[in-house]
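Chemist: sequence and predicted structure are below.
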Amino acid sequence: MKAAVFHGDRRVTIEDVERPEPAPGEVLLKVRRTALCGSDTKLWIKGAAYTPGHEIFGVVEQPGHPMHGRRCLVYIPVHCGHCESCLRGDTQMCLNESVLVGWNRPGGYAEYLAVPQRCLLPVPDDIEDDLAPLLLDTIGTAAHGIRFVQPLVPPGDTGRVLVTGAGPVGMGALVALQNMGYDDIYVSDPKEERLRLAESFGARRLPVDDDTMRFKLIVECSGAHAARSRGMEIVLPRGVLILIGENDHPWPVQENKAIRRKDFYMVRTFYFPVSDFSLNVELLRKEKARYRRLVDAQFGLDRLPDMFGRFVAGELVKPLLSFA
């Protein structure tokens, strides 16, 4: 089969590799769509031991298996199902497994993929192929974070909200916030095109260097250290700064008066529990028209090296690697 190889130093090649053979407890998935994600940028720069791609949708190709022919998404955290976290419903934080599909095992920038059965999320027939991958990071990761902090900052008591970073997860957070009852939302991003998109979704813009406003809830989706540090300064007392965006580099925090002289919550969330999937499907059903606007390119595997560079440069919001 064909698969992408991330060599590092911004070099990607498409090569012939062996089609995977599913191990016991796994099935073979024929990949149909894999959405590009900004977190793969680190693999684009540093290289990857496995085929990347973790927002994966496809069809089970396992004759004789009960799931054969089913349209499914891949839930990337491999989880045991019986540890304390899994039994509590926190499947994304399994205590016995630390493997993520597309990171510690091959992912979806390839024609086929071996997937643990437990990681299959069947997709309803009314969700088209081109929108299915958004149920993972764009909707799932963003909405889970907001659901997690909602008891601390209920919509009716929160006032204005700030989303920092208007990429796919930031836009997903904006839509989720609006659907959960937050109605005074600002968005901060250095790119004019993304600010205009956020405004068309009903948000107001806040310049990245504007420190004059304060917010009870700040949803940080960029992963930029400057945005995180700024969030600590402009979050209101008893407010919440939630970190959804990722960053592998050390974050030096210089404590100052604006940070030190208040009580506030700083929260980190990761991905989403399997139990959120039905909620994510309902959100997608309700907002299909707006989510379609985020999918701004589709291309074949041979174009991935070029398209990934364009994506990292910020030219595209949520492009899809598409297989026939």
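Modeler: Cool, got the structure.
Chemist: how close does the residue nearest the centre of the chain sit to L36?
Modeler: Of all residues in the chain, the one closest to the mean position by C-alpha atoms, centre = their mean is D137, 2.3 Å from it. Separation of D137 from L36 (C-beta to C-beta, to the nearest Å): 10 Å. (Glycine included, C-beta is placed from N, CA and C.)
Chemist: now the common contact residues for those two.
Modeler: E55 (C-beta atoms under 8 Å, 6 or more residues apart in numbering).
Chemist: residues near the spatially closest residue to S98 that is not a sequence neighbour, how many?
Modeler: In space, and not counting its chain neighbours, S98 is closest to N104: 7.4 Å by C-beta to C-beta, 6 or more residues apart in numbering. By the criterion of other C-beta atoms under 10 Å, N104 has 14 neighbours.
Chemist: could you do P124 as well?
Modeler: With neighbours defined by other C-beta under 10 Å, the count for P124 comes to 11.
Chemist: host element of it?
Modeler: Per DSSP states H and E, P124 falls between elements, in no helix or strand.
Chemist: tell me which element the nearest residue in space to it that is not next to it in sequence is part of?
Modeler: Nearest residue to P124, sequence neighbours excluded (C-beta to C-beta, 6+ apart): V281, at 6.3 Å. If you go by DSSP H and E, V281 is part of helix 277-286.
Chemist: now that helix, how far from the centre of its chain.
Modeler: Between the centre of helix 277-286 and the centre of its chain there are 15 Å (C-alpha atoms, centre = their mean, to the nearest Å).
Chemist: identify each buried residue in it, please.
Modeler: Residues F277, L279, N280, V281, L283, L284 are the ones in helix 277-286 that count as buried (16 or more other C-beta atoms under 10 Å).
Chemist: now do stretch 225-233
Modeler: Within stretch 225-233, the residues scored as buried using 16+ other C-beta under 10 Å are A227, R228, R230, G231, M232.
Chemist: which one of the residues you listed sits closest to Y291?
Modeler: Nearest to Y291, judged by C-beta to C-beta, of the buried residues of stretch 225-233 is A227 at 24.0 Å.
Chemist: which other residues reach the helix holding V281?
Modeler: By C-beta under 8 Å, 6+ apart, helix 277-286 touches 75, 121, 124, 126-127, 131, 134-135, 139-140, 143, 147, 175-176, 179, 272, 291.
Chemist: what about the residues you listed, which are in helices?
Modeler: Counted as lying in helices by DSSP state H, out of the contacts of helix 277-286, are A143, R147, V175, A176, N179, Y291.
Chemist: adding neighbour count, write these out as CSV.
Modeler: As requested, the ones in helices among the contacts of helix 277-286 are exported to CSV (neighbours: other C-beta atoms under 10 Å):
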residue, neighbour count
A143, 23
R147, 16
V175, 23
A176, 26
N179, 14
Y291, 22
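Chemist: remind me which helix or strand N96 belongs to.
Modeler: Of the helices and strands defined by DSSP H and E, none includes N96.
Chemist: what's the neighbour count on it?
Modeler: That count, for N96 with other C-beta under 10 Å as the rule, works out to 13.
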